[in-house]
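Peer 1: My questions concern the predicted model and sequence given below.
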Amino acid sequence: MDKDTALIIDKLNNTPDELITETVKELSHELNLSVASIWRKANKAGFRVRKERSDKNKTVISEDVINYIASRVLISRRRNKQFTNSVKKAYEDYEKEHGKIEAGYERVCAILRQRGLDKESLNLPTPALKLFSLHPNHVHLFDVTNCLQWHFKNKGGLSERDVEKIFYQNKVVKEAKKIKQELLRFVLIDHKSGAFFFWYYYTSGEKASDGLDFFSRAWGDKKELIKNTLGISDYNGKYQFQGLPKLLYSDKGSILKNKAMLNMMACLGVEVQTHEAGNPRAKGAVEGLMRIIGYDFESDLKTHNIQGIEALNAFALNWCLQRNEKAAFRGGTISRIDFWRKIKEDELILSPDYEVFKKLYHKPEVTRVCTVQGIINFEGRKYQCPDTNAYGKTVLIKVNALEYPAIDIHFNGYVYKSEPLEVDEYNNLILPNMATFGSFNALKKTELQHKKEELEQYASAKWGIEYKGKKDKKIALPSDNTPKAEIEIKQDNITYLPKAGKQAEVKDSSEPITVTLCHSEPAQQAKNLNSDSEESKKEELKKPVLIPLHQAIDLVLSEYGKITPVMNKNLKALYPHGVPAELTATDIYNTINKHSVVEVKHA
């Protein structure tokens, strides 16, 4: 603010409203300026004579009208940021549905502009935070672009399509179905230094196998790649961009949705993060690089006769070396690759070779139980394990996505590759070790079987046990190892000898198990039992043979199926010492099946 303007503002602020006009005339004579110039300087400095209206930014239009019109315009917005609906049409639609609006169309447009709801404001990008990486190889950004404008002719080299002419609105689906092979550009850039690598693939779509090949090239040492692709032997470390990142940031493409790819990244210690679809600013560095490649590199493809995908990648690698070495990043003073060379030793994690990538590229491992025939069920298919030692045990299954549906069976430190089993016309599994009737061949013995045979031989030599048949029937044969009757157990100076005893009294097997007790005196009973006379034997033979009560109950149950409590009580009352053996089940049942019985004392 100059001196004149400062003087004008100072006097006008200290002047009452009714004297403002006289003060302006005095300032005009004092400063030798016109009255209009005085007011222009005052207004430019922010001085206002008229007070703001109390109803400023207020309107008689209801909020429902504003929301209706603004929402109708917003929902018509396409992804190309064009609107198919207008404020005028939304204004007219509201009047058709709800009646006349109190304000005119121009006033509604002004209110929308004041509130930031006009088309220009609705197209503004959303606020975003600037992302920051700590060091080179901390964060790598990855993206895949479909280069529809390029294709390889059947007879000829790289050619360009007229995308606007071929893929117009009414023909895009029909033309897209005709495309069998697509030219995909895979791009990886280091967020901190801007060092980058890109490679082309001519394929039917995004494949995880192409992603595996790309990451092994992008993160690996470039010396062999440059030598094999460009034939340059004096590499001299010009393009050293390599190593695994801490974080890989990309969109939710099909490659990074693959479980095998995510498992490989986890094994390499690379964290994968994805952003929402339709948000290219999330990885602005790689999107900017895509534009640079499209303008600076692919613009030169028309002047070169590119024959095949190998020639295109060789041309791309040569341009990649030059661009990383000479072009500064983000307006800096050094090149991208020189910026990347500032990486420290503990920040550079060298990448393994392609074979290690292939081994790590598998789905999460699972366990399955192998049947006694060696069959393994996995994901609706059946496989067979060739190791008989695994039969009946739990095995570990790993799937390499490049070889699926073949699986790797891990057991006891060995890995067996197995293909899915096929079935014949009768829906029977076709096994490699199948045997038909009449030509049976036994399976190879397992380690457990060999160990069991060794134990059997040891038992035969040690204790003279002979094994017969296939079901471990063991018979101990007579040998010198049979224990002796008399055993001396020595402990210190004391010798323990077996105690002497008497032989057990064993009854004749022809005698009944249950013996009828007599009510004679004990002396007479002992005399009857120990007497060896003929009379005593005859008397013993004349005694009735009795069966125990529980056997009588089982006999009745087997015939009639039940015995009531009353019948059980009658049985105990009638036959307290046993039931005569000559009675049948029917005799016993008819006898005890009474309401009351008279106790009979048996002599």
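Peer 2: Everything's here; your move. Numbering: from 1, shown residues only.

Peer 1: drop to CA atoms for contacts and neighbour counts, all remaining ones
Peer 2: Will do.

Peer 1: pLDDT below threshold where in the stretch 451-600 of the chain?
Peer 2: 467-543, 595-600 (pLDDT under 70).

Peer 1: repeat that for 80
Peer 2: 460, 462-544, 558-559, 561-562, 594-600 (pLDDT under 80).

Peer 1: mind giving me the domain ranges of the protein?
Peer 2: 3-44, 63-122, 139-356, 364-444, 446-496, 546-592 (automatic domain parsing).

Peer 1: and of these, who's closest to residue 130?
Peer 2: Closest approach to residue 130 among the domains of the chain is made by domain 139-356 (9.1 Å; C-alpha to C-alpha).

Peer 1: so what does the host helix or strand of residue 120 touch, helix or strand wise?
Peer 2: Residue 120 is part of helix 119-122, with elements assigned from DSSP states H and E. Counting contacts by 3 or more C-alpha pairs under 8 Å, 6 or more residues apart in numbering; DSSP states H and E, helix 119-122 packs against helix 63-74.

Peer 1: quick one: buried residues of the helix or strand following the helix it packs on?
Peer 2: Downstream of helix 63-74, the next assigned helix or strand under DSSP H and E is helix 87-98. By 16 or more other C-alpha atoms under 10 Å, the buried positions in helix 87-98 come out as 87, 90, 91, 94.

Peer 1: residues making contact with the helix or strand encompassing residue 41?
Peer 2: Following DSSP H and E, one finds residue 41 within helix 35-44. Here helix 35-44 makes contact (C-alpha atoms under 8 Å, 6 or more residues apart in numbering) with 5, 8, 9, 24, 25, 27, 28, 48.

Peer 1: Swap in 7 Å and give it another go.
Peer 2: 5, 8, 9, 24, 25, 28 (C-alpha atoms under 7 Å, 6 or more residues apart in numbering).

Peer 1: I'd like the mean pLDDT over it, please.
Peer 2: Averaging pLDDT along helix 35-44 gives 87.

Peer 1: Then stretch 144-160?
Peer 2: Rounded mean pLDDT across stretch 144-160 is 73.

Peer 1: what's the nearest residue to residue 143 if we skip its chain neighbours?
Peer 2: residue 187 (5.5 Å; C-alpha to C-alpha, 6 or more residues apart in numbering).

Peer 1: packing partners for the helix or strand hosting that neighbour?
Peer 2: Using DSSP H and E, residue 187 sits in strand 182-190. Other helices and strands packing on strand 182-190, by 3 or more C-alpha pairs under 7 Å, 6 or more residues apart in numbering; DSSP states H and E, are strand 139-146, strand 196-203.

Peer 1: of all those, which lies closest to residue 446?
Peer 2: strand 196-203 (47.7 Å).

Peer 1: Can you list the buried residues in the closest one?
Peer 2: 196, 197, 198, 199, 200, 201, 202.

Peer 1: ok, now stretch 310-324?
Peer 2: Applying 16+ other C-alpha under 10 Å to stretch 310-324 flags 311, 312, 313, 314, 315, 316, 317, 320, 321, 323, 324 as buried.

Peer 1: Of the residues you listed, which belong to helices?
Peer 2: Those of those mapping onto helices are 311, 312, 313, 314, 315, 316, 317, 320, 321, 323, 324, per DSSP state H.

Peer 1: Which residues lie in contact with the first one in this structure?
Peer 2: Contact criterion C-alpha under 7 Å, 6+ apart gives no residues in contact with residue 311.

Peer 1: quick one: it from residue 300, how far?
Peer 2: 14 Å (C-alpha to C-alpha, to the nearest Å).

Peer 1: Please apply the same query to the second one.
Peer 2: When distances are taken as C-alpha to C-alpha, residue 312 and residue 300 turn out to be 12 Å apart.

Peer 1: now the last one
Peer 2: Residue 324 sits 18 Å away from residue 300, taking C-alpha to C-alpha as the criterion.

Peer 1: Which residues does whatever helix or strand residue 211 lives in contact?
Peer 2: Secondary structure assignment for residue 211, by DSSP H and E: helix 208-219. Applying C-alpha under 7 Å, 6+ apart, the contact partners of helix 208-219 are 197, 242, 243, 244, 255, 351, 353, 354, 402.

Peer 1: got it, and stretch 383-393?
Peer 2: Outside stretch 383-393, the residues that touch it by C-alpha under 7 Å, 6+ apart are 369-377, 411, 418-421, 446-447.

Peer 1: Which of those fall within helices?
Peer 2: Counted as lying in helices by DSSP H, out of those, are residue 447.

Peer 1: For ChimeraX, what selects the buried ones among the contacts of stretch 383-393?
Peer 2: Buried subset of these, written as a ChimeraX selection, criterion 16+ other C-alpha under 10 Å:
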select :369,370,371,374,375,376,411,418,419,420,421
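
Peer 1: Lowest-confidence one in the contacts of stretch 383-393?
Peer 2: Lowest pLDDT within the contacts of stretch 383-393 is found at residue 446 (77).

Peer 1: ok, the residue lying closest to that one once chain neighbours are set aside to residue 371 distance?
Peer 2: Leaving aside its sequence neighbours, residue 446 sits nearest to residue 389 (C-alpha to C-alpha, 6+ apart; 5.1 Å). Distance, residue 389 to residue 371, by C-alpha to C-alpha: 11 Å.

Peer 1: Could you do residue 96 as well?
Peer 2: Computed as C-alpha to C-alpha, the residue 96 to residue 371 distance reads 74 Å.

Peer 1: do the same with residue 457
Peer 2: In terms of C-alpha to C-alpha, residue 457 sits 29 Å off from residue 371.

Peer 1: and what of residue 422?
Peer 2: On the measure of C-alpha to C-alpha, residue 422 and residue 371 end up 17 Å apart.

Peer 1: how about residue 112, secondary structure?
Peer 2: Following DSSP: H, G, I helix; E, B strand; the rest coil, the label given to residue 112 is helix.
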